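# below is the sequence, then the predicted model.
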Amino acid sequence: MPSMDVMPCRERPEPQLVLELADQLPGLIFQLHRSEDGHLHFPYLIGSGTRFLDLDPEALAGDARPALERIHDEDYPRLMAAIERSVRWCTPIATKFRLIIQGGQCRWIAVRAQPKRIESGVLWHGMMLDISEQVAEEERLRALSDTDALTGLANRRKLLQRLDEEISLSNRHATPLSLMMLDLDHFKAINDTWGHLQGDEVLASLAEHCQALLREEDLLARLGGEEFALLLPLTPRAHAERLAERLRQHIAAQDYGMGDGCVTVSIGIAEHRVGDTRDILMKRADDSLYQAKHQGRNRVVSGH
Ligand SMILES: Nc1nc2c(ncn2[C@@H]2O[C@H](COP(=O)(O)OP(=O)(O)OP(=O)(O)O)[C@@H](O)[C@H]2O)c(=O)[nH]1
């Protein structure tokens with residue numbers, strides 16, 4: 001006869017109220033037991049989550065594996081590490097993971113559980129909540145805060161963040177990295193002649209045209225106004241120069257509703273040098289752009 005602590009729910013005379021309350025939870029409450037040999041099982045598991053997450057309390061009372069096997073591969077090691085930490089330091093488990101449900105869909109689950117040492121091992125009392133809707137909303141907001149509303153490109157914030165990551169990779173692995181600054185030529189005149197709305201359309205279609213020539217890992221961002229930046233991981237300067245020339249010609253060849261050649265860009269290029277900070281790399285690309293403007297616009301200048 002197991003102690004009352006780890007007695008399966010079906011053998012417990014729970015008050016009706018507890019069962020009704022648990023049934024209103026968008027998740028479940030549980031006990032998780034880990035014996036000294038590491039075997040995990042859920043002696044107690046109730047709540048509406050057992051139904052919509054398709055968890056069978058009877059089977060899981062003897063063995064947690066049918067549930068653990070449905071945890072997303074990317075989250076499994078983190079969850080197991082959280083359990084191990086909790087065993088070792090007697091600290092609560094507080095993490096989230098994806099559980100695969102019928103049809104291969106994933107649900108995000110937040111778990112909080114307090115451990116207690118008992119004679120037969122460790123026993124957690126805890127709760128799991130389905131937080132899929134909150135996670136989707138957070139992702140939507142994150143995407144919004146990284147995106148330029150007019151063009152749908154990454155914004156300056158996103159570019160700076162990726163630049164830091166790519167510079168760190170380039171420094172660590174000595175891999176090439178190039179940065180381009182692109183600025184529309186005489187854009188004020190386009191706005192003045194054709195109107196601000198037409199100007200907006202130029203910016204949006206230019207973004208679309210450029211994007212079509214890029215690789216997935218390249219990051220094109222709108223820095224503001226008529227200025228764009230293009231981050232090119234694993235790209236040495238010579239390749240960036242060829243791409244810049246292709247972009248320049250492609251942009252000048254489009255019509256934009258104003259006739260060919262009305263919209264041109266000047267492009268400055270800098271290749272990352274080991275030890276360059278983000279600001280230095282941006283400054284070097286900006287200097288090249290300045291020279292491209294100074295030398296007459298509609299051209300590419302690559303810094304050495
Ligand atoms: N339509 C539109 N215009 C913008 C936007 N942001 C900035 N601008 C305009 O872009 C123009 C930039 O003008 P300038 O900085 O003088 O540069 P430019 O006329 O392109 O000249 P150069 O860069 O020297 O070739 C200004 O008229 C701004 O009002 C935008 O979101 N939409």
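Nice, I can see it.

# quick one, strands of this protein?
Counting by DSSP state E, one finds strands in the chain at the ranges 27-35, 40-46, 93-100, 106-118, 121-130, 177-184, 219-224, 227-233, 265-271, 300-302.

# export those to TSV and tack on mean pLDDT?
TSV is the format used below for the strands of the chain (pLDDT from 0 to 100):
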stretch	mean pLDDT
strand 27-35	95
strand 40-46	95
strand 93-100	97
strand 106-118	97
strand 121-130	96
strand 177-184	98
strand 219-224	97
strand 227-233	98
strand 265-271	98
strand 300-302	98
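
# quick one: closest of those to the ligand.
strand 177-184 (5.1 Å; CB to the nearest ligand atom). The C-beta positions use only the backbone N, C-alpha and C, and glycine is treated the same way.

# export the strands of the chain to JSON lines and tack on distance to the ligand and mean neighbour count?
JSON lines is the format used below for those (distance: least, CB to the nearest ligand atom, whole Å; neighbours: other CB atoms under 10 Å):
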{"stretch": "strand 27-35", "distance to the ligand": "45", "mean neighbour count": "22"}
{"stretch": "strand 40-46", "distance to the ligand": "55", "mean neighbour count": "22"}
{"stretch": "strand 93-100", "distance to the ligand": "38", "mean neighbour count": "18"}
{"stretch": "strand 106-118", "distance to the ligand": "36", "mean neighbour count": "17"}
{"stretch": "strand 121-130", "distance to the ligand": "41", "mean neighbour count": "19"}
{"stretch": "strand 177-184", "distance to the ligand": "5", "mean neighbour count": "25"}
{"stretch": "strand 219-224", "distance to the ligand": "7", "mean neighbour count": "20"}
{"stretch": "strand 227-233", "distance to the ligand": "8", "mean neighbour count": "24"}
{"stretch": "strand 265-271", "distance to the ligand": "7", "mean neighbour count": "26"}
{"stretch": "strand 300-302", "distance to the ligand": "14", "mean neighbour count": "22"}
